[in-house]
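**Student:** here is a sequence together with a model predicted from it:
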Amino acid sequence: MRAAGRILLSVAAVMLVTGLVIAGDEPKQVTDPNMDRIVQNLVIGLSIDNCGVEHDCLWLLGEMKRTEGIIRILELLHDDSCEPCRICAALALCRIGDPRGTYAVKCAVKDDPSPKVRNLCAYFYNEYVKQGTFAFVAVPEK
């Protein structure tokens, strides 16, 4: 089986596992003995040149609050040309809560070239890291 196929199967397995385990507001600890292997495959999935796989891996790592791929997620936030990938990376970093990642998201609020990414980084930071850090002002439509 090709690497991308194995990653997609791992993503599907994690979605199944987390879907069964994360039922309320507070996620429960997964005690599956294969979880380390699944997380390792998700980290590998961050390096596949496929936006869908990257997005799923980012979302799942953020949902599980796993720091194993933090350096690759930081690279995606700073260097990826795909705007949705940078947005997913910012969300994952805020959900994970690692100080390196939250600082990078806070910096992206002023440094990212895309206004959409900057606004969503500010929103994610307010939502998951520290409320009230950024003020949002309604802009009337033209």
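**Tutor:** Sure thing, it's come through.

**Student:** could you list the low-pLDDT ranges of this protein?
**Tutor:** Applying pLDDT under 70 to the chain flags the ranges 1-31.

**Student:** and the most centrally placed residue in it, what element?
**Tutor:** Nearest to the mean C-alpha position of the chain, counting by Cα atoms, centre = their mean, stands Ala92 at 2.1 Å. Element membership for Ala92 (DSSP states H and E) is helix 83-96.

**Student:** if you count neighbours, what's buried in that helix?
**Tutor:** Cys85, Arg86, Ile87, Cys88, Ala89, Ala90, Leu91, Ala92, Leu93, Cys94, Arg95, Ile96 (16 or more other Cβ atoms under 10 Å). Where C-beta positions appear, they are placed from N, C-alpha and C, glycine not excepted.

**Student:** try stretch 54-74
**Tutor:** For stretch 54-74, a neighbour-count test (16+ other Cβ under 10 Å) marks 54-64, 66-70, 72-74 as buried.

**Student:** pull the number of nearby residues for Ser114.
**Tutor:** Around Ser114 there are 13 other residues, counting by other Cβ atoms under 10 Å.

**Student:** what are the phi and psi values for it?
**Tutor:** Torsion angles at Ser114 (phi, psi; degrees, to the nearest 10) stand at phi -100, psi 130.

**Student:** tell me how far it lies from Glu63.
**Tutor:** 24 Å (Cβ to Cβ, to the nearest Å).

**Student:** please apply the same query to Leu42.
**Tutor:** Distance from Leu42 to Glu63, by Cβ to Cβ: 10 Å.

**Student:** sweet, I'm off.
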